[in-house]
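S.K.: could you work out the structure for the sequence below:
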Amino acid sequence: MNSAVSLVAISVMIGRELETGSREKSQLAELKQEMEETKSLVLSSLKNTTSASARLNGVNVAYEKESVSEEVIQVLIKTMNEDENVNVRLAAVKALAKFSAEPGVTQALVDALGNQKEALVQIALINLMVELEEKGALLRLEKIIEDERTLDAVKDEAHMAVFKLS
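M.R.: Model (predicted):
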């Protein structure tokens, strides 16, 4: 009798475990599907050359996610560096700041600091370097300070950043 009860109990436990495992697999599949859909939406939005608002929407969708694929990170970096619209570039900086722990993102932000010529983007990047405590940006900051074409407001931010990071 005891063995029959034990057998029933074990059968019930195994059934529950199988059901839980199946539910977890289903949830994982749904999550993967959602990530793929998000990736597609972000990539198609960011590659839209005719609409800055569509590109901005793509950056914002990426920003709202907890994590994004390497491909999305690379497109965000390209957007930050090359988009013709300052607001889209600023949004890309903000999104990349959120994912700064991902491999290569911080270095891409430091590199962008040396390439950006728009004051708003430069200041956003300078402030981000301070926020991230990125001492690797010091050389780029010094170059910004020394560049005679740099606006005084940007130079002031760079001076403060150098002071804070040193």
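S.K.: would you mind checking which helix or strand in the protein has the lowest mean pLDDT?
M.R.: helix 2-46 (a mean of 63; mean pLDDT, DSSP states H and E).
S.K.: give me the next element, helix or strand, following that one.
M.R.: Counting by DSSP states H and E, the next helix or strand C-terminal to helix 2-46 is helix 52-64.
S.K.: what's that next one packed up against?
M.R.: Applying 3 or more Cβ pairs under 8 Å, 6 or more residues apart in numbering; DSSP states H and E, we find helix 52-64 packed against helix 2-46, helix 70-82, helix 86-98. Just so you know, the C-beta spots here come from the backbone N, C-alpha and C atoms, and that holds for glycine as well.
S.K.: what's the helix or strand for the closest residue to Ser166 other than its chain neighbours?
M.R.: Of all residues not flanking Ser166 in the chain, Leu138 sits nearest, at 7.2 Å (Cβ to Cβ, 6 or more residues apart in numbering). Using DSSP H and E, Leu138 falls within helix 138-146.
S.K.: and that helix, what does it pack onto?
M.R.: Short answer (3+ Cβ pairs under 8 Å, 6+ apart): helix 138-146 packs on helix 105-115, helix 119-131, helix 152-165.
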